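**Q** here are the coordinates; sequence isn't available:
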């Protein structure tokens, strides 16, 4: 499985401001047609917090509070787990940005590919946390146009 860990600082992309978009509009547009699950791991407690979309990507029921990390990892292809753990540990220890492409169980027989992008975030007085987003890769349909049925309020 391909993976990547950033060794240098990358400038924060604020290009959306050049055309008059707000940060909320960027998230709205990016997540309009694809599940984008956001998550956070508290490194002191090991608690994993996830949005509804992340739970849906992993085939789990959304819940308030910490999500069962064992339930999440059980859905990941066993051949991909060692590399995911190595990348996560390295990014946490060295405070880096990373991404992984790996397989998550889609149903009883098949897997789908997802991409996770994460980064270490300092939290004063703690060991910090790792935050990120995960989304599914899906087949592109050239020439197809999709519209949302109704705009969200």
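**A** Okay, I see it. The structure presented is a predicted model; accordingly, all values stated were derived computationally and were not measured.

**Q** Could I get the full set of helices for this structure?
**A** Assigned by DSSP state H, the helices in the chain fall at 23-30, 52-57, 69-74, 81-94.

**Q** Could you pull out the buried residues of the longest one?
**A** Along helix 81-94, these residues count as buried under the neighbour rule (16 or more other Cβ atoms under 10 Å): 84, 87-88, 91-92. (C-beta placed from N, C-alpha, C; glycine too.)

**Q** Check which helices and strands it sits against.
**A** In this structure, helix 81-94 packs against strand 3-5, strand 97-105, strand 111-121, strand 129-136, with contacts taken as 3 or more Cβ pairs under 8 Å, 6 or more residues apart in numbering; DSSP states H and E.

**Q** List the contacts of it.
**A** With contact meaning Cβ atoms under 8 Å, 6 or more residues apart in numbering, helix 81-94 is reached by 1, 3, 5, 43, 73, 76, 96-98, 100, 102, 118-120, 128, 130.
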